[in-house]
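> Quick one: sequence plus predicted model below, questions after.
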There are 2 protein chains.
Amino acid sequence: MSYEQVTTQKIASTIQRQVNRAKILRTLRILQPAARVDLARETGLSRATVSSIVDELVVESIVEEIGETISRGGRRPILLQVRPGREGRFAIGFELSRNNLIGIVVDLQGDIVATHRELLPAGYLEPAALVNLIYKQVQHLTDPHKPLNQRLVGLVGIGLGVPGLVDPNTGRVQVAVQFGWHDTPLKEMLEESLQVPVKVMNNVKAAALGEVIYSYPSSEPSPNPRLYVSLGEGIGSALIIEGKLLSGVSHTAGEFGHITVSPGGPLCSCGNTGCLEAVAGLPALVSRYLELARLEEPSRLTVAAGEFPYLTSARFLEAVSAGDSLAGRVVAEAAEQISIALAGVINFTNPELIILGGPLGQVGAALLNPLTLALRRRTLPLPLSQARLITASLGANAAGLGLGAMLISQLSEVVLSR
Amino acid sequence: MSYEQVTTQKIASTIQRQVNRAKILRTLRILQPAARVDLARETGLSRATVSSIVDELVVESIVEEIGETISRGGRRPILLQVRPGREGRFAIGFELSRNNLIGIVVDLQGDIVATHRELLPAGYLEPAALVNLIYKQVQHLTDPHKPLNQRLVGLVGIGLGVPGLVDPNTGRVQVAVQFGWHDTPLKEMLEESLQVPVKVMNNVKAAALGEVIYSYPSSEPSPNPRLYVSLGEGIGSALIIEGKLLSGVSHTAGEFGHITVSPGGPLCSCGNTGCLEAVAGLPALVSRYLELARLEEPSRLTVAAGEFPYLTSARFLEAVSAGDSLAGRVVAEAAEQISIALAGVINFTNPELIILGGPLGQVGAALLNPLTLALRRRTLPLPLSQARLITASLGANAAGLGLGAMLISQLSEVVLSR
DNA sequence: AAAATTAAGTTTAATACTTAAACAAAGGTA
DNA sequence: TACCTTTGTTTAAGTATTAAACTTAATTTT
């Protein structure tokens, strides 16, 4: 296997070495461009050690020299940087949704090097067919100037975000309703096909990782919780602590849509009553809009929203953005309900950052204004004052970026076994 | 300072050494009693390395040889164990409450070696007075057979649980209403007085640590979330992941009592309406009991609960335990409300263990039966099926044990700087 | 312009650890 | 008694780090 021969990184034998390698790589990613002295000063290691490790990293094409800089009264420092693009190390993150497969190449600097979007054929998607599709996309996404058998050189791994319940440790998709999958060993299949490490996880969680990592670029993972909430047809969330996702025993942590916000309220698909999703998921908002319209202003039904059976979530969101006052009211009502669940989670986790994503999460002021007002009522002052509330910014790239960045950052992490 | 000379542990210089030391100590604590071979087999280290590190640990009186065991066809293995009692290393955990200061000595095996309970003088307690009290208790709690200036030899550190808002990193008590403290640097004061490392944290969180650690004794910290909920006058909780407490940006994580469970319900002291604490805190239950009693069965007022002004939380709980049906109804109503908040947190964190503590949390079936029924309605099936619900078991020792065990376990942890 | 100084990076010698392999100790088995 | 096993220790070789010396290459001073 040419891949293994060329890129298998010579495993730094001692833990000491691994720790120092990781330290240097992390420091360089933050300080870059920087000289060996800078790394020595910042890491506390001797210049000799830094030299030795940097040499290793250069041989492994993880780091490169980019010329000298001005002297400050002595030998010129040689500037180093983490190697950008597909010449160095890179990772590919994929997001699978009902209709699309989006692939994103992330380099060592965390930048996007290439993207590819592919429409999926309608109908049932076999796991094996997906593996094939990804195999082909990987060819598209890798360096076209390299010969085919060299394309995977430098690929650290690939990640895949799947809408469904995934065990991120085994990479098995336990349930993916949209595709009718049950206990599908996607990680295994992909690793066999591509011969690179594969990470499979839930797509919302992958998106959360992306939004969180790129919300404070190039900084260290924070020890404080950061929360990502996705508001759309369904409502989900993810909590990230020290750069790691909270997964839970059965990998369902982050379940946000089934928090009870209206005890005794409408019946939810889960069997409980008054779940957030049942009152503030997009389908519920569309129904509520139609209900109010029929009651109060039947004229609207044909103007902004189209005939009764044709009001889709997308059209509803357009109406909100266009400033439709009735739609605005519906969103404001939803904000009230969302605030109940969100205030609970803010009180409970005391996060430093909350990122609102998903179609509804990104409609802007129509949601944010009533939501922040309601949160002020329902949240304890201290945790609320520490929580920055922002809107997601990566769009459809979030999951791919999250997975890519995660794989990249694993290069500068040390895992102490046991 | 004789303390420093005798016990300062010769800092194992390299990271490699630290990691291996920690690995061996952790393994021994689990396998004990065990021979050097066993440790080598289990840790994957060579017998030579194990010998060298064990020798070090014996010199530092952390480990001791306890004689030979039967041969299996060769030289007899020499059994080792972590040194028990105050001859080896030990830690002291204190819990401060309104009326008591409880101190507990925990040894390397996690066992209680000594305890001391002291009634606090009524009235305002100066921080300096507390420091003095603790200083004296430490004398009581250490080995009476040793000369005074040798008593602190082997003391790894002391911990203190305080009812109030504490920054566990700086050890400053930000607010402790019961004692009228504001931004009090207790850790600093105690370290200056005692010359040992001090950890100060919130008492409920310390109790959570204790209950969680001792619920699965001697096992490794789980990567899955474990939740401790304290139900009493106030309602609080703590979430523990990988053996570490979720603290939050402003150290208020775990706030459970101010989750909205009854939107538009009764006004809470925090300003919000329908908080869990406002409807299921003990004062609310007492009021509710009196309300129902007056309405339905005025005769009870003089029987089980005493005259109107004399029904205390304690008496109410006695009535519950005695099987008073009206009190049972009140608790069942509270269980319904608690289930709303708890279901939300179970869905959100997907814990493997939930420990109910606090006076109300431990009343037994009167709470557990309606609570488990309600949880079944409000929680998603998968997370619920994975969550084991148990009752706290350490009583007043929980916080002290938690702090002691935490300090002890830090001996076998490696912190990678930066 | 030569000499002195400064700074970056490399080499070297000393030190610290780990490990495989040899060895010693102390038992069993045939 | 001879031989094998197992535990624990010692030894020699290999891997890493570091302080200090050294090299390289500039700037500053005289």
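Received, thanks. Numbers count the residues shown, from 1 in each chain, chains lettered A, B, ... in the order given.

> List the buried residues for stretch A:370-380?
A:370-371, A:374-375, A:378-380 (16 or more other C-beta atoms under 10 Å in any protein chain shown). Where C-beta positions appear, they are placed from N, C-alpha and C, glycine not excepted.

> just stretch A:30-38 next, same as before
A:31-36, A:38.

> Thought A:Gly364 was touching A:Thr391, still the case?
Yes - using C-beta atoms under 8 Å, A:Thr391 makes contact with A:Gly364 at a distance of 7.4 Å.

> thinking again about what came up before, inside helices: which ones of the buried residues of stretch A:370-380?
Residues of the buried residues of stretch A:370-380 located in helices (DSSP state H): A:370-371, A:374-375, A:378.

> Those also near chain B: which ones?
Among these, the ones lying near chain B by C-beta under 8 Å from any C-beta of the partner chain are A:Arg378.

> so what's A:Ile104 up against?
A:92-94, A:112, A:114-115, A:397, A:400-401, A:404 (C-beta atoms under 8 Å, 6 or more residues apart in numbering or on different chains).

> Let's verify the nearest residue to A:Asn203 once chain neighbours are set aside: helix, strand, or coil?
Nearest residue to A:Asn203, sequence neighbours excluded (C-beta to C-beta, 6 or more residues apart in numbering or on different chains): A:Gly161, at 3.6 Å. Secondary structure, DSSP: H, G, I helix; E, B strand; the rest coil: A:Gly161 is strand.

> Same check on A:Asn149?
A:Asn149 ends up helix, using three-state DSSP.

> Give me the distance between it and A:Thr142.
11 Å (C-beta to C-beta, to the nearest Å).

> do the same with A:Leu57
The spacing between A:Leu57 and A:Thr142, counted by C-beta to C-beta, is 22 Å.

> cool, and A:His182?
32 Å.

> Could you do A:Gly344 as well?
In terms of C-beta to C-beta, A:Gly344 sits 45 Å off from A:Thr142.

> Also A:Glu336?
Taken as C-beta to C-beta, the span from A:Glu336 to A:Thr142 is 49 Å.

> What would stretch A:253-271 look like as CSV? C-alpha coordinates only.
Provided in CSV are the C-alpha atoms of stretch A:253-271 (Å, rounded to 0.1, in the frame of the first residue of the first chain):
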residue,chain,number,x,y,z
ALA,A,253,-26.6,14.0,24.5
GLY,A,254,-27.6,17.4,23.2
GLU,A,255,-31.2,16.3,22.7
PHE,A,256,-32.8,19.7,23.0
GLY,A,257,-36.1,19.4,21.1
HIS,A,258,-37.7,17.2,23.6
ILE,A,259,-37.3,19.3,26.6
THR,A,260,-40.8,20.0,28.1
VAL,A,261,-41.5,23.7,27.8
SER,A,262,-45.3,23.6,27.9
PRO,A,263,-46.5,20.9,30.3
GLY,A,264,-49.7,19.4,29.1
GLY,A,265,-49.2,21.1,25.8
PRO,A,266,-49.5,19.6,22.3
LEU,A,267,-48.6,16.0,21.8
CYS,A,268,-45.1,15.4,20.4
SER,A,269,-44.1,12.6,18.0
CYS,A,270,-42.0,11.3,20.9
GLY,A,271,-45.1,10.6,23.0
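
> Mean confidence (pLDDT) on that stretch, please.
Here stretch A:253-271 scores 93 as its mean pLDDT.

> Just the pLDDT for A:Met1.
29.

> between A:Gly344 and A:Thr142, who's got more neighbours?
A:Gly344 (29 against 22; other C-beta atoms under 10 Å in any protein chain shown).

> In this model B:Ala341 seems to touch that one, though I could be wrong.
Yes - with contact defined as C-beta under 8 Å, A:Gly344 counts as touching B:Ala341 (7.0 Å).

> Could you list everything the residue nearest to A:Asn203 pairs with in the sheet?
Note on A:Gly161: beta-bridge partners A:Glu95, A:Met201, judged by DSSP bridges.

> what's it in contact with, if anything?
By C-beta under 8 Å, 6+ apart, the neighbours of A:Gly161 are A:93-96, A:201-207, A:399-400, A:402-403.

> quick one: it from A:Ser313, how far?
For A:Gly161 relative to A:Ser313 (C-beta to C-beta), the value is 21 Å.

> Centroid-wise, who is the farthest residue in chain A?
A:Gly73 (45.9 Å; C-alpha atoms, centre = their mean).

> Please report phi then psi for it.
Phi and psi for A:Gly73, reported as degrees, to the nearest 10, are phi 100, psi 30.

> burial measure for A:Ser412, as a count.
Residues near A:Ser412, counting by other C-beta under 10 Å: 18.

> can you confirm A:Asp55 is in a helix?
Yes - per three-state DSSP, A:Asp55 lies within a helix segment.

> before we move on, which element is the residue lying closest to A:Arg117 once chain neighbours are set aside in?
Closest residue to A:Arg117 apart from its sequence neighbours, by C-beta to C-beta, 6+ apart: A:Ile102 at 5.0 Å. Here A:Ile102, judged by DSSP states H and E, is contained in strand A:100-107.

> following that strand, which helix or strand comes up?
Next along from strand A:100-107, by DSSP H and E: strand A:112-119.

> Please enumerate residues in contact with that next one?
A:84-86, A:90, A:99-107, A:133, A:137, A:140-141, A:396-397, A:400-401.

> Buried residues, that strand. List them.
A:113-116, A:118.

> Out of these, flag the one nearest to B:His258.
Taking C-beta to C-beta as the measure, B:His258 lies nearest A:Thr115 of those, at 43.9 Å.

> any idea how far DNA strand D is from that closest one?
A:Thr115 is 38 Å from DNA strand D, where distance means C-beta to the nearest atom of the strand, to the nearest Å.

> what pairs with that residue across the strands?
A:Ile104.

> Over to A:Gly357?
A:Ser230.

> Then A:Leu353?
Beta-bridge partners, per DSSP bridges, of A:Leu353: A:Arg226, A:Arg388.

> you'd agree it is up against A:Ala392?
No - assessed by C-beta under 8 Å, A:Leu353 is found out of contact with A:Ala392, at 11.6 Å.

> is chain B contacted by the longest helix along chain A?
The single longest helix within chain A, with elements called by DSSP H, is helix A:325-349. Yes - judged by C-beta under 8 Å from any C-beta, helix A:325-349 and chain B are in contact via A:340-341, A:343-345, A:347-349.

> Show me what that helix is packed up against.
strand A:226-231, helix A:276-280, helix A:282-296, helix A:313-321, helix A:365-378, helix A:381-386, strand B:235-241, helix B:325-349 (3 or more C-beta pairs under 8 Å, 6 or more residues apart in numbering or on different chains; DSSP states H and E).

> same thing but at 7 Å, please
strand A:226-231, helix A:276-280, helix A:282-296, helix A:313-321, helix A:365-378, helix A:381-386, helix B:325-349 (3 or more C-beta pairs under 7 Å, 6 or more residues apart in numbering or on different chains; DSSP states H and E).

> Tell me which of these sits nearest to B:Leu360.
helix B:325-349 (7.5 Å).
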